[in-house]
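>>> Mind looking at a prediction? Sequence and model below.
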Amino acid sequence: MNILYLTWGYLHDKAIINAFEKEGVTITQLDIANYNLSSWKEQEEEKEALNLLLSNTIDSQSVEIVFSINFLSAISDFCQKNEVPYCSWVLEFPNFDLYTKSLFNLCNYIGINDSYLVEKFWKEGVEKVFFLPEAVERKERIQGHYEGRELCFVGQQPVSKLNRESISKYSRGYLDAFLHAQRVLSGESILENG
C-alpha cells in the first residue's frame, strides 16, 4: 500500500511515518506547508496549483490513500472529487474544518482523539469517524541518548489524572460546541461563508 502523507510541520510526523513503515506501508511525502488552506475560498490560483500537484503525485507514485494530521476540508474535497480515500487523524483542537460540509464527504476516514466529538458526529450521521486515541512516543535511553522511537497508543493522556470524558463534555471545546450548534441551526458553518 502506498500512502501520500501530507506534511505541514507537525512535530511527530517522523515518528508516525516510522510507525507506518514498520507496518510495511510505502510512504510518499508531500509538503503542503506553503499552501494557505485557511483562506481556501479566496485563493483559487493556489487551490488549482495544489490540486494539480496532488493529482500529479497520486498518478506518478501510484498512491492509494491520502493521509494528513488534522482534517483538511480542501484535501477532503479534492479526494471526494477524484475518488481517492482520505484518512486524517485529528490531534489538535479546535480543528475548524471539522465544522464544514466536507466532513460528510464519502471519501473520509477520520480518527479523532476525543470520544465526545466522535459520538457527536455519529449522531449527525457522519459514518466514517472513529475514536483514535492519542499516541505517545516511547524512547529507549541508550548511552545517554534517546533511541528506538516508536508510537504507543494510549486511551488517555498519561500526564492527566482527570477523566477525559468529563473534560470533553464540560471544560473542553467551547469553540467546538459553538461551531457545532451553529452548523446544526443554520445548516452550514460560518467558516464556509468566509
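Received it, and whenever you're ready, just let me know what you need.

>>> Surely S88 is within a helix?
No - S88 is assigned strand when assessed by DSSP: H, G, I helix; E, B strand; the rest coil, not a helix.

>>> Can you report how many residues lie near L98?
27 (other CB atoms under 10 Å). (Glycine included, C-beta is placed from N, CA and C.)

>>> mind checking the SS state of it?
L98 ends up helix, using three-state DSSP.

>>> With adjacent residues omitted, what lies nearest to it?
F71 (5.5 Å; CB to CB, 6 or more residues apart in numbering).

>>> ok, and for stretch 48-58, which residues are buried?
Burial within stretch 48-58, assessed by neighbour count using 16 or more other CB atoms under 10 Å, is assigned to L50, N51, L54, T57, I58.

>>> My guess is W8 contacts Q29. True?
No - applying CB atoms under 8 Å, one finds W8 not in contact with Q29, separated by 11.0 Å.

>>> Which one's more surrounded, the two?
W8 (16 against 12).

>>> Tell me how far the more buried one lies from F131.
24 Å (CB to CB, to the nearest Å).

>>> Check I32 too.
26 Å.

>>> Please give me every residue in contact with I112.
By CB atoms under 8 Å, 6 or more residues apart in numbering, I112 lies in contact with V90, L98, V118, F121, V129, F130, F131, L132.

>>> which ones are touching the nearest residue to Y10 once chain neighbours are set aside?
Spatial nearest neighbour of Y10, chain neighbours left out: I69 (4.6 Å); criterion: CB to CB, 6+ apart. By CB under 8 Å, 6+ apart, I69 lies in contact with W8, Y10, H12, D13, I16, S88, W89, L91, E92.

>>> Name the member of the residues you listed with the most neighbours.
S88 leads these on contacts (other CB under 10 Å) with 25 neighbours.

>>> Local confidence estimate at that residue?
On pLDDT, S88 comes in at 96.

>>> which residue packs closest to it, ignoring adjacent ones?
F71 (4.4 Å).

>>> cool, W122 as well?
Nearest to W122 is V129, by CB to CB, 6+ apart, at 6.8 Å.

>>> Over to Q61?
T28 (4.5 Å).

>>> does the one you found count as helix, strand or coil?
strand.

>>> How are the helices of the chain distributed by residue range?
For the chain, helices defined by DSSP state H occupy the ranges 13-22, 44-61, 73-82, 115-124, 164-166, 174-186.
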